[in-house]
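Colleague: Can you look at this prediction? I've put the sequence above it.
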Amino acid sequence: MTTSPSPPPGGEVTDSGSPVRETTTAVNRFGRVTNLAVHYNMKKSLFAGVRREDLIMRHVVAARLETSRHAVVGSLLLITSVIWLLGGLAAGSGAAILAILPLALSVLLVWGSPRVAVTAADGVVRPSVSWPWTRAEAEEFVSAVSQELLARG
């Protein structure tokens, strides 16, 4: 009676019995994607702390990219801050300088922030939210997870 060799830590064994090497597909602020696992940085909101989650690739079901925009609140804040800015400039007061902060916040709210959601076999959605200018990294991460899922079949 022969026994099959146990897989190396963090690796898998192919049909021929040889271990599969872990190769990295993508690394960025959202985590690291390899052919064997997703090392994911969970972050539920922009100001929340990051929690690392290690998921074996065969347990990952899906990864998607969403954009969270607050268009109504951002638009109202934008209009209010522009009026405040113009009023401050017309009066020659320091209110114009203070209007820049809500103006910047309104631009961020309308621009929207990327939210990467990785779903595992247990059905739990693991979100990670980041700043608007990191959308390209979010797209890269979701694309790498999707490619690895398709390669697995």
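Modeller: Everything's here; your move. Numbering: from 1, shown residues only.
Colleague: got a list of what the residue lying closest to E53 once chain neighbours are set aside touches?
Modeller: Nearest residue to E53, sequence neighbours excluded (C-beta to C-beta, 6 or more residues apart in numbering): Y40, at 4.6 Å. To be clear about C-beta, it is placed using only N, CA and C from the backbone, and glycine gets the same treatment. Residues near Y40 by C-beta atoms under 8 Å, 6 or more residues apart in numbering: 30-31, 52-55, 118, 126, 128.
Colleague: How about S68?
Modeller: S68 neighbours (C-beta under 8 Å, 6+ apart): 112-115, 129.
Colleague: ok now do A26, which residues does it touch?
Modeller: A26 neighbours (C-beta under 8 Å, 6+ apart): 32-33, 140-141, 143-144.
Colleague: what secondary structure does L77 sit in?
Modeller: helix (DSSP: H, G, I helix; E, B strand; the rest coil).
Colleague: I meant to write S93 there.
Modeller: Per three-state DSSP, S93 ends up coil.
Colleague: Around it, how many other residues sit close by?
Modeller: 11 (other C-beta atoms under 10 Å).
Colleague: Surely R32 touches E22?
Modeller: No - if you go by C-beta atoms under 8 Å, R32 and E22 don't touch, sitting 10.1 Å apart.
Colleague: Could you check how far the most centrally placed residue in the chain is from V145?
Modeller: Most central in the chain under C-alpha atoms, centre = their mean is V116, positioned 3.6 Å from the mean C-alpha point. Distance of V116 to V145, given as C-beta to C-beta, to the nearest Å: 9 Å.
Colleague: Many thanks, I have nothing further to ask.
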